[in-house]
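*Asks:* Below is the structure, and that's it, no one-letter string:
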């Protein structure tokens, strides 16, 4: 037993290799050196013990843990981008309007600026369906105007049709008015009204801005499309942004709105304005009784740059 114990040599042999270097290769070389120090003796008997093997394991573990910085540092963790915000930013960038239209825009009269263009045509509609606020009775109103314009000839043609109790008639009515320079003509129920004078001038000068108003302030929405033959950009608005000359709220009245405003920067003009208005205790077209219900507004501009041939109405 004594002889066997004497054969144990617990003194590590001198290392015959270069000192360990940093990095993975360095760790491997150091581990190999430690294992070599616990090699067999000349007599072939293994020199070591369970304690020595535990020490070896701890040394290897310590070497692995002390190489470089320990663990993941806070600065190692990249900032995670919000996917929704990133997608929105990309869309807004790709569909950004040109300079001068990247911020809020204002068209309180939806057809403003059109008179500076050579020619165009637009159709505007305001339609209401609902009930009287104080009387449980249905009521409605509808007004549509189609307008043509020729800047060079200082000419304008307006065709208007109206219907509904709120407009003072249970039957559909319509008229056509034409302005040619200083002269104005008015046709109603197929007959040209002689000496219409001021009435003809007012009828020929009716605008979409007077009928449906527009938007005091609208924000870019990051979307573009070709509408009515023009490259246009979408803008959004709230009920507080609307200018509605045909609608007045009574005390306690409410107005909620959804819609869209499309602007063609090339012409600095609105090519489409759609709005749906849900209202209570509102007066429409100056009527005496307040109403509750829904108003639908539609406005589209076509043929921008087309100087229409506008002539004196037949029979005038």
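*Replies:* Done, it's in. The shown structure was predicted, so the numbers you read here are calculated from the model rather than taken from an experiment.
*Asks:* low-scoring stretches of the stretch 1-150 of the chain, by residue?
*Replies:* 1-93 (pLDDT under 70).
*Asks:* helices and strands around the helix or strand encompassing residue 283, which ones?
*Replies:* Taking DSSP states H and E as the criterion, residue 283 maps to strand 269-284. Using 3 or more CB pairs under 8 Å, 6 or more residues apart in numbering; DSSP states H and E, the elements in contact with strand 269-284 are strand 214-227, strand 230-236, strand 247-264, strand 291-302. From N, CA and C alone the C-beta is placed, and that goes for glycine too.
*Asks:* do you know which of these lies nearest residue 160?
*Replies:* Distance to residue 160, taken as CB to CB, is lowest for strand 291-302 among the helices and strands packed on strand 269-284, at 14.5 Å.
*Asks:* Now do that closest one, average pLDDT.
*Replies:* Averaged across strand 291-302, pLDDT comes to 98.
*Asks:* circling back to that earlier point, buried ones in the strand holding residue 283?
*Replies:* 269-273, 275, 277, 279-284 (16 or more other CB atoms under 10 Å).
*Asks:* picking up where we left off before, just send the helices and strands packed on strand 269-284 back as TSV, with distance to residue 201 and mean neighbour count too.
*Replies:* Compiled in TSV, the helices and strands packed on strand 269-284 are given as follows (distance: least, CB to CB, whole Å; neighbours: other CB atoms under 10 Å):
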stretch	distance to residue 201	mean neighbour count
strand 214-227	23	18
strand 230-236	31	21
strand 247-264	26	17
strand 291-302	23	21
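*Asks:* quick one, which of the ones you listed is nearest to residue 144?
*Replies:* Residue 144 lies closest to strand 291-302 among those, at 8.8 Å (CB to CB).
*Asks:* on that earlier part again, report the angle between the axes of the strand holding residue 283 and strand 214-227?
*Replies:* Computed with axes from the mean of the first three to the mean of the last three CA atoms, to 10 degrees, the direction of strand 269-284 lies at 140 degrees from that of strand 214-227.
*Asks:* Direction included, what does strand 269-284 pair up with?
*Replies:* Sheet pairing of strand 269-284 (DSSP bridges) gives strand 247-264 (antiparallel), strand 291-302 (antiparallel).
*Asks:* Make a markdown table out of the ones you listed and add distance to residue 157.
*Replies:* Below are the strands paired with strand 269-284 laid out as a markdown table (distance: least, CB to CB, whole Å):
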| stretch | distance to residue 157 |
| --- | --- |
| strand 247-264 | 22 |
| strand 291-302 | 14 |
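*Asks:* so which of the ones you listed gets nearest residue 125?
*Replies:* Residue 125 lies closest, by CB to CB, to one member of those: strand 291-302, at 4.5 Å.
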